[in-house]
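*Asks:* Mind folding the following:
(2 chains)
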Protein chains: 2
Amino acid sequence: MSKLDRALNEIDDNLQTSIAKLFDLIAIPSISSEASGARGIAEAAAWLQNELTEIGFTAEIITTQGHPVVLAKSTQNPRGDGLRLLFYGHYDVQPVAPLEDWSHDPFTPRVIEEDGVHRFYGRGASDSKSQLWSFIEALRAWKAAYDSFPAEIVIMLEGEEETGSPSLPDFIERYRDALQCDVAFICDSDMWSPTQPAITTQLKGLVHEKITIKTPNADLHSGHYGAVAANPIRILSTILSAIHDAHGRVTLDGFYDGVQDISQGQRQQWRLIADGAISEGEVSLLGGIIEAGYSPVEAMWGRPTVDINGISGGNQGPGERSVLPGTASARLSFRLVADQNPEAVRESFRKFVTARIPDGCRVEFEGHGGSNAVRLLENNPFLKAAARGLEAEWQEPAVLKGTGGAIPLVGQLSQGLGLDCVVIGFILSSDAIHAPDEHYDVERLRKGTRSWVRIFEEVTKEGHPTD
Amino acid sequence: MSKLDRALNEIDDNLQTSIAKLFDLIAIPSISSEASGARGIAEAAAWLQNELTEIGFTAEIITTQGHPVVLAKSTQNPRGDGLRLLFYGHYDVQPVAPLEDWSHDPFTPRVIEEDGVHRFYGRGASDSKSQLWSFIEALRAWKAAYDSFPAEIVIMLEGEEETGSPSLPDFIERYRDALQCDVAFICDSDMWSPTQPAITTQLKGLVHEKITIKTPNADLHSGHYGAVAANPIRILSTILSAIHDAHGRVTLDGFYDGVQDISQGQRQQWRLIADGAISEGEVSLLGGIIEAGYSPVEAMWGRPTVDINGISGGNQGPGERSVLPGTASARLSFRLVADQNPEAVRESFRKFVTARIPDGCRVEFEGHGGSNAVRLLENNPFLKAAARGLEAEWQEPAVLKGTGGAIPLVGQLSQGLGLDCVVIGFILSSDAIHAPDEHYDVERLRKGTRSWVRIFEEVTKEGHPTD
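*Replies:* Predicted coordinates:
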């Protein structure tokens, strides 16, 4: 039996033990956005440090301004060629509210057979504890079979991904030497379908803006002054409805500056793979306004967009109150593609809004985020090696896909540190991540873990790119 | 000394006692919209029942589906001609939040001299405990001077005016016989200025609508689907921004049906009295959109209008969340003028919205209210008598004014029971009603009470209209 087969068998044979350990990790309520989650965060970090140490890593808990990073390193390089691989995952989870919508306790996972699928429910079951567990267990199995790790390894496990990773830039700056690797594997993304793996090669940039319209008056009786005094909700509605034209195009000045249209080759590729992709999920596109001239997948992956994420003002109920409010606000997000400048988009939006504020009224802006889009090179040798590994396990080619989502980390590693990033994951849109009854299944955990072993095999076969 | 002078002197001489009693009433936190206010409501009703009984009325506390009505009657008719007068006031108050914005405890009134004015601060100080107290004290003083009430008297004190009077229609129907009077005096409105009294003769009708836009999906990740799936906030903004055209006219089909333009005579009258009226207050009209062709006062009193009173949807903060919400909602109110049909306006609005809901999305409507505008006859003999009484006290003619506000009670009494209504009050826009530091002043209480004695004098001079 080859060492590779021994590593793969090791995963299958130890599956029950591996699941039991994963369940211990899922049972820890490491909710990063709630003050009450701090204890769970600390407990999960210590649990991971312990596991990684047991496998043979030197693992530290690095404190940050926010939640800690677990940083682990292998001490020796089994190959002597200096090949160095970085793995990223996050151990924090979303809140569970509303708890009454869960059919299963979010922190008491157990295997349940449903229609022949062995599922387990829990917060973090899919996003992202099973993800990080897949590469940790693959490294354990590899070491059991080969008596060494496949290369020099660095593992970075973050504890505040679900709160927007506020401490990440500072951490990356402080540990830039420790993080220098030949390639970074980011494990926190989707498969293409339950049977077909995927690598995400295009990630959008992200700008958040909150606008608050203020009129010259505090709350007034709307019966008395509604006909004559400024209404901030009316002003806000007018502005929001002017952001898109009738063709779904964004009307902000210069919004499309630098945006390269989707190439014919890219369109062709997406058309082939994405046929019916969205309607397969449980998402309806009815009533949506897609930019004219683009398919849904093209709009999601290849075109910059503006979303309104929230709005509030005046009487929020339950009863009637004849109020003419003095303020109203909205939150927007801008999803950018390569070559768009986040700060230029923000400026253009602020000018657009300011020009539409009537005399005597004013607007306050509150900006967050500001990350560039990332387009990963698809002919990167590590990416190709990973694609071969995924195909070997799943017996279907890995789709090179885009996403409308942003992972600021990827931009920081690829553009900040010059690292090649390969974004892989085994999440499905039906896993109910961020929602009640989040779940995952045993077979996906098994095949995901095996996928990493096959990727190690292909990556080490590839050898050091500077050889 | 005439009996009239004795009654007026009685008010001046007993002012300190009267204020002390009023302060006892203001000290009772009779907040109708909060569950914790129920005890204050019961206490205030009992307090008023006790006061009215002491003056010589037969006073009952009538339970309703909501808060109780205090209903008091005089047993004998001193004139023998059957003249019967109804007085209306309300003893419930608005909530006090935010308490930290008050410079004075809202339930511990005391007299404070500020720039020569003897003010008292408290929730309900102006709206409306001083108002109802003015006619109760006037009746007490009249009885002290004349040994009888000016006519057969019915007093109705409501406990849920600040929550939109939900039990009022049922109450009026049950007590229609008891409420039949020659004229109803409604004491819950404004003066024209600190020195000039007013009678409100035009009240707008009112329709409330809440709309909730629902897309085919529950909350989605806006990064993934923002570019393609329906956004209910965008749909809502587009609808709200289409309700008015560039000239401030309402675009709903048939909205202006039956609306008579403001007559030249009315315009002339309002122009004379209303010059600078709005800018005198602390309300800025900057940024407001007034229907083209109308002055602010004309728009407020004489034109039908639509207001957006509240809006909500998606992420309300504080942090960023990349949500594409599944629902968004807004609350609107329609202020109607005479001859507009509330139900027709509601229907037209619902059609307008429904026509703008994209495929696959839907809208839910929740309607409240639905009162007609009321135009009270200005040549009514009781109204003229009241105007003479007010002028005698204030030495300035009473302005016959409109209001953008609605008092559904007035429509129910005038149209439902066929009663003549005279709407009088001594509130000023600077009293901060519904706001922190609501206040009133001793001199206005004194002259308001004296005004009612002078109105009784004029009304009884007028005699029974069917004589």
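
*Asks:* in chain A, which segments are predicted with low confidence?
*Replies:* Flagging of chain A using pLDDT under 70 yields the residue ranges A:273-282, A:317-321, A:462-467.

*Asks:* At the geometric centre of it, which residue sits there?
*Replies:* Per CA atoms, centre = their mean, the C-alpha nearest to the average position across chain A is that of A:I407, at 5.0 Å.

*Asks:* Just give me the longest helix of chain A.
*Replies:* The single longest helix within chain A, with elements called by DSSP state H, is helix A:442-462.

*Asks:* which helices and strands sit right next to that helix?
*Replies:* Contacting helix A:442-462 under the criterion 3 or more CB pairs under 8 Å, 6 or more residues apart in numbering or on different chains; DSSP states H and E are the following elements: helix A:3-13, helix A:15-26, strand A:117-121, helix A:129-146, helix A:381-394. (C-beta placed from N, C-alpha, C; glycine too.)

*Asks:* Show me the residue of the stretch 351-467 of chain A that gets nearest to chain B, please.
*Replies:* Here the residue of the stretch 351-467 of chain A nearest chain B is A:G360; by CB to the nearest CB that distance is 2.3 Å.

*Asks:* Repeat that for the stretch 51-200 of chain A.
*Replies:* Per CB to the nearest CB, A:G164 is where the stretch 51-200 of chain A lies closest to chain B, at 6.3 Å.

*Asks:* I'd assumed A:G369 was in contact with that residue.
*Replies:* Yes - if you go by CB atoms under 8 Å, A:G164 and A:G369 touch, sitting 7.3 Å apart.

*Asks:* Could you pull out the buried residues of the helix or strand harbouring A:I186?
*Replies:* Secondary-structure assignment from DSSP states H and E places A:I186 in strand A:183-187. For strand A:183-187, burial by neighbour count (16 or more other CB atoms under 10 Å in any protein chain shown) applies to A:183-187.

*Asks:* Stretch A:352-361 too?
*Replies:* Counting neighbours by 16+ other CB under 10 Å, the buried set in stretch A:352-361 is A:352-353, A:357-358, A:360-361.

*Asks:* what's the farthest-apart pair in the residues you listed?
*Replies:* Of all pairs drawn from those, the one with the largest separation by CB to CB is A:F352 and A:G360; the distance is 19.5 Å.

*Asks:* tally of neighbours for the residue of the stretch 51-200 of chain A closest to chain B?
*Replies:* A total of 20 residues lie near A:G164 under the criterion other CB atoms under 10 Å in any protein chain shown.

*Asks:* Quick check: it vs A:T305, distance?
*Replies:* Between A:G164 and A:T305 the distance, using CB to CB, to the nearest Å, works out to 19 Å.

*Asks:* and if you look at A:F23?
*Replies:* Here A:F23 is placed at a distance of 39 Å from A:T305 (CB to CB).

*Asks:* Neighbour count for those two, which is higher?
*Replies:* A:T305 (23 against 18).

*Asks:* List phi and psi for that one.
*Replies:* phi -140, psi 160 (degrees, to the nearest 10).

*Asks:* how about the residues of the stretch 1-150 of chain A near chain B?
*Replies:* If contact is defined as CB under 8 Å from any CB of the partner chain, the residues of the stretch 1-150 of chain A in contact with chain B are A:S33.

*Asks:* Excluding chain neighbours, what is closest to the residue in the stretch 1-150 of chain A positioned nearest to chain B?
*Replies:* When distances are taken as CB to the nearest CB, the stretch 1-150 of chain A approaches chain B most closely through A:S33, which lies 7.2 Å from it. The shortest distance from A:S33 to any residue that is not its chain neighbour, by CB to CB, 6 or more residues apart in numbering or on different chains, is 4.9 Å, and that residue is A:T163.

*Asks:* what sits against that neighbour?
*Replies:* Applying CB atoms under 8 Å, 6 or more residues apart in numbering or on different chains to A:T163 gives the contacts A:32-33, A:66, A:92, B:319.

*Asks:* Filter the residues you listed down to the buried ones.
*Replies:* Listed as buried from the contacts of A:T163 are A:32, A:66, A:92; burial here means 16+ other CB under 10 Å.

*Asks:* So the second one sits against A:P166, correct?
*Replies:* Yes - the pair A:G66 and A:P166 qualifies as a contact (CB under 8 Å) at a distance of 5.5 Å.

*Asks:* any residues in contact with both of the two?
*Replies:* By CB under 8 Å, 6+ apart, the residues touching both A:G66 and A:P166 are A:E160.

*Asks:* Distance-wise, check the residue lying closest to A:A242 once chain neighbours are set aside relative to B:C421.
*Replies:* With CB to CB, 6+ apart as the criterion, A:A242 has its nearest non-adjacent residue at 6.4 Å, and that residue is A:T251. Counting by CB to CB, the gap between A:T251 and B:C421 amounts to 52 Å.

*Asks:* More neighbours: those two, which one.
*Replies:* More neighbours surround B:C421 than the other of A:T251 and B:C421, with 28 against 11 (other CB under 10 Å).

*Asks:* Please, where are all the strands along the stretch 251-400 of chain A?
*Replies:* A:305-314, A:323-324, A:327-336, A:362-371, A:374-375, A:399-402 (DSSP state E, counting those that start in this stretch).

*Asks:* Which one of the ones you listed lies nearest to A:R140?
*Replies:* For those, distance to A:R140 was read as CB to CB. The smallest value, 28.2 Å, belongs to strand A:399-402.

*Asks:* Just the CA trace of the closest one, in CSV.
*Replies:* Listed next in CSV are the C-alpha coordinates belonging to strand A:399-402 (Å, rounded to 0.1, in the frame of the first residue of the first chain):
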residue,chain,number,x,y,z
VAL,A,399,-14.9,24.5,-10.8
LEU,A,400,-12.9,27.8,-10.8
LYS,A,401,-15.6,30.1,-9.6
GLY,A,402,-16.1,33.7,-8.6
